[in-house]
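[1] Take a look and give me a structure for this.
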Amino acid sequence: MARKPKAGSVYQRNNVWWIKYYSKGQPVYESSHSVRTEDAERLLRKRLGEIATGAYRGIAVERTTLDELFNLVIADYRENGKRSVDDVLSRLRLHLRPKLGKMRAADFGSADVRRYKAARNKEGAQAATVNRELSILKRAFSLGSRHDPPLVLHNPPVEKMPENNVRTGFLEKADYEKLLAELPSYLRLALVVAYHTGCRLGEVMSLRWPDISLASGEIIIRAENAKSKKHRMLPVYGDMTDALRRQKAERDQKYPQLEWVFHDGSGNRLRTFYKAWASACERAELDGSLFHDLRRSAVRNMVRAGIPEKVAMAISGHRTRHVFDRYNIVTDKDLAAAGEQMTRYLAGQGNQGYTAVLQPALDASASIQKDPEPSTPSTGV
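    Residues are numbered from 1 along each chain as shown. Sure, this is the predicted structure:
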């Protein structure tokens, strides 16, 4: 009679007990990391139970570290051509890997998330900064669970911290003109385009001359340069026409081979200009103003001008109404204008007004206050 093969066994190697079992006909050797036979037998029973119920996913899920999951995030960002990959690499190198990288993913839970947030708070990190790091952590577990074979069997809840850092900065027309006068000549067009269209800095800096048609009054934002990854058209109007013509004339005269619209004043492509921007803002007495404030300004100006919100969203590149509303900031001037508009509207309805309606009652009250109180008659004795 043939001997029935054993489902699994335990054996000792260098004082540590190991187990052997079979998955899909192939032997699997796994350390119990213990010098006690009981621990190895308990692990073997667990593995045999997982195999019997179909829950076995290999020992990779027991060995996977957060460092390995972070590598999946980097690969995902690179494969999908995400421009924020450098930011992710920086956050991993400075914070996530040193604090969490060596931990086993199977042991990581919500308590570890709370400890990480507490540690970053103690270091003085802003809520928005910590939340960006938590987004990477959450993405790491999501990719690990979808890996084949899975590298993790659970996604711990990663609750983000409440943020209260929504900026409300914008430039009024007078501020825009002051800043325009202080910026170097090669940067003025960037200010004009962003102030009129609400383009993001990366979208502005990615413009090429073939993307601009002065004849038809259009600018093309290519899908690969847009945050939404969607192609869109922008109108050329106002100061944009003259600024674009000046920039193109300078380019045709000095750098006819330059494809990029924005250069550093020497014919080299310009990507960022933080120092020049900060210096110009300081001279214009607009310290703290950001280039992104132009985006809020453009949205508000378009709404004030009566442009339908759907069209304004198409120009600025906002995909959701929620985010668009955050940029459509209401100012004191907006409220005052609304008050004046409502006053004119109600006056046009033929209303008598507060004072006119209550005048009879007011006159009666005033008359009572003027009349002396009647004297009490004397009764005599």
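[2] number of nearby residues for the nearest residue to Ser206 once chain neighbours are set aside?
    Spatial nearest neighbour of Ser206, chain neighbours left out: Asn225 (3.8 Å); criterion: Cβ to Cβ, 6 or more residues apart in numbering. No exception for glycine: its C-beta is placed from N, CA and C like everyone else's. The local packing of Asn225 (other Cβ atoms under 10 Å) involves 20 other residues.
[3] what sits against Asn225?
    Gly202, Glu203, Ser206 (Cβ atoms under 8 Å, 6 or more residues apart in numbering).
[4] repeat that with 10 Å
    Residues in contact with Asn225 (Cβ atoms under 10 Å, 6 or more residues apart in numbering) are Arg83, Cys199, Arg200, Gly202, Glu203, Val204, Met205, Ser206, Leu207, Arg208, Asp211, His231.
[5] What of Trp18?
    Listed by Cβ under 10 Å, 6+ apart, the contact set of Trp18 reads 9-12, 29-34, 40, 43-44.
[6] Same list, these, but as JSON lines with neighbour count, distance to Arg319 and pLDDT please.
    Listed next are the contacts of Trp18 as JSON lines, based on neighbours: other Cβ atoms under 10 Å; distance: Cβ to Cβ, whole Å; pLDDT from 0 to 100:
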{"residue": "Ser9", "neighbour count": "12", "distance to Arg319": "58", "pLDDT": "90"}
{"residue": "Val10", "neighbour count": "17", "distance to Arg319": "57", "pLDDT": "91"}
{"residue": "Tyr11", "neighbour count": "10", "distance to Arg319": "59", "pLDDT": "90"}
{"residue": "Gln12", "neighbour count": "11", "distance to Arg319": "61", "pLDDT": "91"}
{"residue": "Tyr29", "neighbour count": "11", "distance to Arg319": "51", "pLDDT": "83"}
{"residue": "Glu30", "neighbour count": "17", "distance to Arg319": "48", "pLDDT": "80"}
{"residue": "Ser31", "neighbour count": "14", "distance to Arg319": "50", "pLDDT": "83"}
{"residue": "Ser32", "neighbour count": "19", "distance to Arg319": "52", "pLDDT": "85"}
{"residue": "His33", "neighbour count": "11", "distance to Arg319": "49", "pLDDT": "83"}
{"residue": "Ser34", "neighbour count": "15", "distance to Arg319": "54", "pLDDT": "90"}
{"residue": "Ala40", "neighbour count": "23", "distance to Arg319": "55", "pLDDT": "90"}
{"residue": "Leu43", "neighbour count": "22", "distance to Arg319": "50", "pLDDT": "86"}
{"residue": "Leu44", "neighbour count": "21", "distance to Arg319": "53", "pLDDT": "89"}
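[7] Between all of the residues you listed, which two are separated the most?
    The span of the contacts of Trp18, defined through Cβ to Cβ, is set by Ser9 and His33 at 17.4 Å.
[8] Now do the helices in the stretch 201-350 of the chain.
    In the stretch 201-350 of the chain, the helices defined using DSSP state H, counting those that start in this stretch lie at 201-205, 239-254, 274-283, 293-304, 309-316, 321-327, 332-347.
[9] Tell me which of these is the most buried.
    Of the helices of the stretch 201-350 of the chain, the one with the most neighbours on average (mean count of other Cβ atoms under 10 Å) is helix 293-304, at a mean of 21.
[10] tell me what that one is packed against?
    helix 173-182, helix 188-197, helix 201-205, helix 309-316, helix 321-327, helix 332-347 (3 or more Cβ pairs under 10 Å, 6 or more residues apart in numbering; DSSP states H and E).
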